[in-house]
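A.B. asks: model the structure of this input:
(one chain, ligands or ions: 1)
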Amino acid sequence: MTIPYSLRNKKVFVAGDRGMVGSAIVRRLASENCEIISASRAELDLRDAQRVKDFIVDRKPQAVFVAAAKVGGILANSTRPVDFLADNLEIELSIMRGAFAAEVEKLLFLGSTCIYPKFAPQPMPESALLTGPLEATNEWYAIAKIAGIKLCQAYREQYDCDYISAMPTNLYGPGDNYDLNSSHVLPALIAKAHAAKIANAPSLTVWGTGLPRREFLHADDCADALVFLMQHWSDNEHVNVGVGEDISISDLARLVARVVGYEGQITNDLSKPDGTPRKLVDVTRLTALGWTARIPLEQGIADAYADFKRRHAC
Ligand code: GDP
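C.D. replies: Numbering: from 1, shown residues only. Next up, the predicted model:
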């Protein structure tokens with residue numbers, strides 16, 4: 001495959017286009033004048049290999065983004081292991097088999113930085129993959145995502161397919177999941193701070209010690225990076241996608257409270273898990289290619305909060 005690969009005027013299947021990243025990819029592809037192929041969950045169960053293959057062969061996309069996955073925060077991940085392991089394996093295998101049968105020109109598989117070992121060096125370089133034990137609270141999801149990277153590599157090696165993998169850091173943005181039982185920390189804090197503000201509550205509760213550190217990337221920045229990688233990356237190795245900076249959960253809670261306008265106390269629920277102590281990706285590879293994130297965290301949180309109010313708030 002020649003680099004750069006042009007997406008201009010192409011037919012593109014965005015698997016997971018109703019999700020936060022998938023919908024951001026669709027927004028970003030509008031400026032490439034792409035014809036988007038998508039299917040709702042009711043129309044197509046992405047775990048169903050035969051139906052997915054028939055769908056892709058019938059629609060004949062030239063490029064595919066695998067942005068569909070069973071996702072969730074620390075609680076959902078550790079309590080629904082079959083969903084996170086089996087569903088994700090089935091989804092990625094079905095889509096890649098379908099893409100192969102339809103001879104798509106290029107495919108990008110979206111993973112996650114939880115593929116890295118719990119005690120990987122920080123920031124985590126791509127080379128940290130499979131160098132140590134995973135964090136127990138999300139290993140089901142992580143194993144499925146590692147298998148996805150390996151599937152891309154296997155298709156490259158055996159059939160010379162241009163399948164690539166990108167590993168975005170923790171994402172947030174419009175269309176996020178605000179259900180406190182399954183959400184990630186940033187949308188959870190937005191929902192909690194908003195509820196506490198409306199109720200005039202004296203405090204809001206943060207799970208765990210507040211000491212873990214996480215990096216947050218806005219979904220629109222992520223989509224821009226993924227389109228950039230489709231255009232400029234063709235290699236066996238995966239690429240980290242992040243901002244290169246992290247923040248403690250306590251500082252994040254204070255920042256979210258400020259954006260939301262909540263002035264009460266922030267307390268900790270130590271019965272909840274901390275998860276991995278730090279998750280910051282090394283973005284040297286992506287930066288060297290010429291891409292950097294543009295949306296500052298505070299501005300991104302304000303954007304996500306505006307979307308939350310439009311969709312959920314009374
Ligand atoms: P992780 O990055 O896979 O660990 O997933 P999360 O985004 O769910 O959690 C990140 C960190 O935020 C963990 O240390 C959580 O304990 C902490 N955290 C604090 N408050 C919350 C909350 O209300 N919801 C979630 N999901 N995590 C929280």
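A.B. asks: tell me if Phe100 really is in a strand.
C.D. replies: No: assessed with DSSP: H, G, I helix; E, B strand; the rest coil, Phe100 is helix; it does not lie in a strand.
A.B. asks: now do the contacts for it.
C.D. replies: Going by CB atoms under 8 Å, 6 or more residues apart in numbering, Phe100 touches 155, 159, 161. For every residue, glycine as well, the C-beta is placed using N, CA and C.
A.B. asks: contact partners for Ala76?
C.D. replies: Neighbour list for Ala76: 84, 181-182 [criterion: CB under 8 Å, 6+ apart].
A.B. asks: give the PyMOL command for selecting the buried subset of those.
C.D. replies: Only the buried entries of the contacts of Ala76 go into this PyMOL selection, using 16 or more other CB atoms under 10 Å:
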select buried, resi 84+182
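A.B. asks: so what touches whichever strand or helix holds Ala147?
C.D. replies: Per DSSP states H and E: Ala147 is located in helix 139-159. With CB under 8 Å, 6+ apart as the test, helix 139-159 has contacts from 66, 69-72, 77, 81-82, 84-85, 88-89, 92-93, 96, 100, 107, 109, 111-112, 114-115, 129-130, 134-135, 161-165, 167, 236, 238.
A.B. asks: and Ala69, how far is that from Leu189?
C.D. replies: Taking CB to CB, to the nearest Å as the measure, Ala69 falls 22 Å from Leu189.
A.B. asks: still on that earlier bit, the helix holding Ala147 and the ligand in contact?
C.D. replies: No: applying CB under 6 Å from any ligand atom, one finds helix 139-159 separated from the ligand by no less than 8.4 Å.
A.B. asks: off-centre distance for that helix?
C.D. replies: Relative to its chain's centre, helix 139-159 lies at 16 Å (CA atoms, centre = their mean, to the nearest Å).
A.B. asks: strand partners of the host helix or strand of Phe109, parallel vs antiparallel please.
C.D. replies: Using DSSP H and E, Phe109 sits in strand 106-110. Note on strand 106-110: by DSSP bridges, its sheet partners are strand 63-66 (parallel), strand 163-168 (parallel).
A.B. asks: what residues does this structure put near the ligand?
C.D. replies: Close to the ligand, as judged by CB under 6 Å from any ligand atom, the chain has residues 73-74, 114, 138, 170, 183-185, 188, 206-208, 212, 214, 249, 272-276, 279.
A.B. asks: which of those fall within helices?
C.D. replies: Taking DSSP state H as the definition of helices, those contribute 74, 185, 188, 249.
A.B. asks: those residues into TSV, with extra columns for pLDDT, distance to Tyr262 and neighbour count?
C.D. replies: As requested, those are exported to TSV (pLDDT from 0 to 100; distance: CB to CB, whole Å; neighbours: other CB atoms under 10 Å):
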residue	pLDDT	distance to Tyr262	neighbour count
Ile74	79	22	23
Val185	96	16	23
Ala188	97	14	24
Ile249	98	16	21
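A.B. asks: let me know the closest of those residues to Val21.
C.D. replies: Val185 (17.1 Å; CB to CB).
A.B. asks: right, and that closest one touches Gly73 too?
C.D. replies: Yes: under the criterion of CB atoms under 8 Å, Val185 makes contact with Gly73 at 6.8 Å.
A.B. asks: what are the ranges of the strands in the protein?
C.D. replies: Remark: strands assigned in the chain by DSSP state E are 11-15, 35-37, 63-66, 106-110, 163-168, 170-172, 203-207, 213-214, 216-218, 239-241, 247-248, 265-269, 278-279.
A.B. asks: got the angle between the first one and strand 106-110?
C.D. replies: Using axes from the mean of the first three to the mean of the last three CA atoms, to 10 degrees, the direction of strand 11-15 lies 20 degrees away from that of strand 106-110.
A.B. asks: okay then, goodbye and thanks.
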